[in-house]
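Undergrad: generate coordinates for the sequence data below:
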Amino acid sequence: MELGAVELVQEISALTVTTIGRDMEELAQAIQIEDWSQVSRRSHRMKGTAANSGAQRMSAMAVRMEDQAQSQAPGQVKELYPPLVEI
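TA: Numbers count the residues shown, from 1 in each chain. Sure, this is the predicted structure:
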């Protein structure tokens, strides 16, 4: 079955929302248990998904979170999560 342009955009948008939603849940769990390597991986994946979908602000915040997780800066990571969710 071929998708028209509108349907294709809708399909991609739905997949993006699903992927980011799953990543947000996994990110929250990783932050809660302070698993910084998981926080870094989830942030990295969110960065790419957001950038590919045009959500540049979300991508930039995910970059910051990834950097802080790699530095194992729990205070910074925990401060970045709520604004990331609000986007």
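
Undergrad: CA atoms for contacts and neighbours, from now on please.
TA: Fine.

Undergrad: which regions of this structure lie under the pLDDT threshold?
TA: 1-3 (pLDDT under 70).

Undergrad: center of it, which residue is that?
TA: Centroid-nearest residue in the chain, with Cα atoms, centre = their mean: M46, separated by 2.8 Å.

Undergrad: could you measure from that residue over to V9?
TA: Distance, M46 to V9, by Cα to Cα, to the nearest Å: 19 Å.

Undergrad: repeat that for M61.
TA: From M61 to V9 the distance is 24 Å (Cα to Cα).

Undergrad: specify which residue of the two has the higher count of neighbours.
TA: Ranked by neighbour count (other Cα atoms under 10 Å), M61 and V9 place M61 first, with 20 against 12.

Undergrad: I'd assumed P82 was in contact with that one.
TA: No - using Cα atoms under 8 Å, M61 is not in contact with P82, being 10.7 Å away.
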